[in-house]
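> Output the structure for:
(chains A and B)
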2 protein chains.
Amino acid sequence: MEAAILAVDWGSTNRRVFVLAADGNVLETAQDDRGVLAMGGSSFAAEAAAMRARWGDLPMLCAGMVGSNRGWADAGYVAAPASLAGIAAAVHWVEPGRTAIVPGVSRDDGNRADVMRGEEVQLLGAAAAGLVAPDAWLCQPGTHAKWARLQQGDLTDFTTAMTGEIFAQLGKGGLLADGLDGQVSDGAAFRAGVQAARGGDLLARLFGARAGLVLGKRDRTDQASYVSGLLIGSDCDARLSSDFAGARADGVDVLASPGLGNLYLAALDELGCPARLVDSHAAFLVGITQIWSLLQ
Amino acid sequence: MEAAILAVDWGSTNRRVFVLAADGNVLETAQDDRGVLAMGGSSFAAEAAAMRARWGDLPMLCAGMVGSNRGWADAGYVAAPASLAGIAAAVHWVEPGRTAIVPGVSRDDGNRADVMRGEEVQLLGAAAAGLVAPDAWLCQPGTHAKWARLQQGDLTDFTTAMTGEIFAQLGKGGLLADGLDGQVSDGAAFRAGVQAARGGDLLARLFGARAGLVLGKRDRTDQASYVSGLLIGSDCDARLSSDFAGARADGVDVLASPGLGNLYLAALDELGCPARLVDSHAAFLVGITQIWSLLQ
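Predicted structure coming up:
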């Protein structure tokens, strides 16, 4: 099959390139660490030229932080509710007909503002691919965990939580760093953290994690799992207690790799909410292919 | 008046020495940065000898992190409910009759564990001095904010929140660092943060603080006050929604310097809870003097 397009999922730290046929089939794929903040002085134009030199002189459609004000060009945001058609209509053309960047999505009801950039392709792609129902509750765990509501296949609302970043910062220094270098896994310590997180008092529960170590209530080897449970549990509990309450009946589709995804499945299970893993790469591919076809 | 004792409030980063007469009057006081984690290789015995060389060869009573497992000696914890008499009975004698370290206080009901070390002298001293009522709700803002319940002058329960430490960590790097170097003050941005913090969804509200900047909802110069409002508001709201609910009627006594103390007063006011500032140094002095007199 002939290569038709280069689809680039270009984030802050990593970059994944898919060489796609016109029907969306993946002919080749590669991942590297040349993210937007990790290009070592190279320009975006030079990076694009290098990709074309390697995979062919093809049209290129980019998504992710490459479209931020620290990326190749600021591709702006479309306001939720957002659809693949609305996103396609708003792509930023770096070079008309040849190189485009997908915009992000914003939401702002005057009370709460939020933004995403890159995740929208996966979220809308998941519904377009039939990987999730047209009406679905989606979660993308990570440094900045996204929780999104899909209705009739459109992205109608979402919330971002700093779950992964706070865990990483706690490990770098300060009171809680002791023990956070340990392995995080689902088990009694992780689930105890999830349960302790209920009720929205994270600042006190975090100090309590240290006090528990000091008073010998917990083995040091369990500390990383317990604190991870506190953070992921806080995130899930806050969601199920507010905008995502409906997910208790419908279940949550978690777009993630199995490692982190299974921790979210465990936390949601502990909180009485059904959930299942969805293939996030497949969702991205269908999303980006459909955006491209809408541009033709 | 003749000097009778050296009282040393010896924390992790700072140390304050009070030269006291037998009746508790302060004859001289000095503060320096020779905290437990900042002594530059000097030994505790050498530091104590230097203090005696400067202020007189007097009995010495120390409180704070000097009594932790990273301090001079581990003075342990007494379990809440704790009184000045109970603490005096459990002091750790480095040198009998001459040099003592006050123990900390722990609480553990099987569900939630917590510890303090040093704050107990202020808390119990505040009631002993008549600075607060025998039944009172106390707050000591800081890196690790303490909230304590006094009943009939005894410390019956408490909760610690990582409020100040999380704010400091967010300023050191990561998504929210931009703008956090600004001045924090009470005002519209701080109080908007307090209101946004209600309901216990801190992880999402923190990301929303960044989204608000990106979408131009807030001036960069207001960001530090807004994020401080989010954290202090989360702390206060969680307390007033749980163990500290009774403080809504009785009011909170805030043991702090005016700078940080007034931010807590503003947050509590915004949440509909009366509060007032109490002189924390005076509380410490009465507490430590009473412990010393109980040792005679």
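> Now do the residue in the stretch 151-296 of chain A that chain B sits nearest to against residue A:241, distance only.
Closest to chain B within the stretch 151-296 of chain A is residue A:200: 1.8 Å, counting by C-beta to the nearest C-beta. No exception for glycine: its C-beta is placed from N, CA and C like everyone else's. Remark: distance between residue A:200 and residue A:241 (C-beta to C-beta, to the nearest Å) = 7 Å.
> follow-up on the earlier one: got a pLDDT number for the residue of the stretch 151-296 of chain A closest to chain B?
You'll see residue A:200 listed with a pLDDT of 94.
> That one: what secondary structure?
coil (DSSP: H, G, I helix; E, B strand; the rest coil).
> In the stretch 101-250 of chain A, mark out all the strands, start to finish.
Along the stretch 101-250 of chain A, counting by DSSP state E, counting those that start in this stretch, strands occupy A:104-108, A:113-116, A:136-140, A:145-151, A:154-161.
> Contacts only, for residue A:177.
A:170-171 (C-beta atoms under 8 Å, 6 or more residues apart in numbering or on different chains).
> coming back round to it: nearest residue to the residue of the stretch 151-296 of chain A closest to chain B other than its sequence neighbours?
Closest residue in space to residue A:200, ignoring its immediate chain neighbours: residue B:200 at 1.8 Å, by C-beta to C-beta, 6 or more residues apart in numbering or on different chains.
> Same question for residue A:86.
residue A:78 (5.5 Å).
> Mind listing the residues bridging to the one you found?
residue A:105 (DSSP bridges).
> how near is it to residue A:124?
For residue A:78 relative to residue A:124 (C-beta to C-beta), the value is 11 Å.
> Among those two, which residue is more densely surrounded?
residue A:124 (28 against 20; other C-beta atoms under 10 Å in any protein chain shown).
> Now the common contact residues for residue A:78 and residue A:124.
residue A:87.
> Look at residue A:9 and tell me its secondary structure.
strand.
> That should have said residue A:20, apologies.
With three-state DSSP as the basis, residue A:20 sits in strand.
> Could you pull up the contacting residues of the residue lying closest to it once chain neighbours are set aside?
Nearest residue to residue A:20, sequence neighbours excluded (C-beta to C-beta, 6+ apart): residue A:5, at 5.0 Å. Contact partners of residue A:5, counting by C-beta under 8 Å, 6+ apart, are A:19-20, A:22, A:58-61, A:292.
> Assign residue A:5 to helix, strand or coil.
Once three-state DSSP is applied, residue A:5 turns out strand.
> okay, it: pLDDT?
pLDDT for residue A:5: 95.
> Could you do residue A:70 as well?
pLDDT, residue A:70: 89.
> Spatially nearest residue to it, not counting backbone neighbours?
Per C-beta to C-beta, 6+ apart, closest to residue A:70 is residue A:36, 6.2 Å.
> Equivalent analysis for residue A:150, please.
Excluding its sequence neighbours, the residue lying closest to residue A:150 (C-beta to C-beta, 6+ apart) is residue A:136, at 4.6 Å.
> Any idea how many residues pack against the one you found?
Neighbour count of residue A:136, defined by other C-beta under 10 Å: 21.
> Also the one 5 residues further on?
Residue A:141: 27 surrounding residues under other C-beta under 10 Å.
> got the contact list for it?
Applying C-beta under 8 Å, 6+ apart, the residues near residue A:141 are A:163-164, A:232, A:254, A:256, A:260-261, A:263-264.
> let's go with 10 Å and repeat that
Applying C-beta atoms under 10 Å, 6 or more residues apart in numbering or on different chains to residue A:141 gives the contacts A:147, A:161, A:163-164, A:232, A:235-236, A:254-257, A:259-265, A:267, A:280.
> Show me which positions of stretch A:230-244 end up buried.
Neighbour-count burial for stretch A:230-244 flags A:230-241, A:243-244 (criterion: 16 or more other C-beta atoms under 10 Å in any protein chain shown).
> now do stretch A:19-38
Buried residues in stretch A:19-38, counting neighbours by 16+ other C-beta under 10 Å, are found at A:19-20, A:24, A:34-36.
> Stretch A:251-260 now?
A:251-256, A:260.
> try stretch A:76-85
Buried residues in stretch A:76-85 (16+ other C-beta under 10 Å): A:76-78, A:80-84.
> What's opposite the spatially most central residue of chain A in the beta bridge?
For chain A, residue A:140 is the residue whose C-alpha lies nearest the centre (C-alpha atoms, centre = their mean; 4.2 Å). Residue A:140 has these beta-bridge partners by DSSP bridges: residue A:146.
> hmm, back to that, I'd like the buried residues of stretch A:76-85 written out as a markdown table, with pLDDT and secondary structure added.
Listed next are the buried residues of stretch A:76-85 as a markdown table, based on pLDDT from 0 to 100; DSSP: H, G, I helix; E, B strand; the rest coil:
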| residue | pLDDT | secondary structure |
| --- | --- | --- |
| A:76 | 97 | coil |
| A:77 | 97 | strand |
| A:78 | 98 | strand |
| A:80 | 98 | coil |
| A:81 | 98 | coil |
| A:82 | 98 | strand |
| A:83 | 98 | coil |
| A:84 | 98 | helix |
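> just curious, which of these is nearest to chain B?
residue A:77 (7.8 Å).
> which ones are touching that closest one?
A:67, A:90, A:103-108, A:115-117, A:120, B:211, B:214-215.
> Need the overlap of contacts for residue A:200 and residue A:241.
With C-beta under 10 Å, 6+ apart as the test, residue A:200 and residue A:241 both reach B:199-201.
> how about these in CSV, adding neighbour count?
Output for the shared contacts of residue A:200 and residue A:241, formatted as CSV (neighbours: other C-beta atoms under 10 Å in any protein chain shown):
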residue, neighbour count
B:199, 16
B:200, 24
B:201, 25
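> Please enumerate the helices of the stretch 51-200 of chain A.
Applying DSSP state H, counting those that start in this stretch to the stretch 51-200 of chain A gives helices spanning A:84-89, A:119-128, A:163-172, A:188-197.
> on contacts alone, who are the packing partners of the last one?
Based on contacts counted as 3 or more C-beta pairs under 10 Å, 6 or more residues apart in numbering or on different chains; DSSP states H and E, the elements that helix A:188-197 packs against are helix A:202-214, helix A:223-240, helix A:258-270.
> Just the element for residue A:17, please.
Element membership for residue A:17 (DSSP states H and E) is strand A:15-21.
> Would you give the sheet partners of the helix or strand that comes right after that strand, along with the direction of each?
Later in the chain than strand A:15-21, the nearest helix or strand by DSSP H and E is strand A:26-32. Sheet pairing of strand A:26-32 (DSSP bridges) gives strand A:15-21 (antiparallel).
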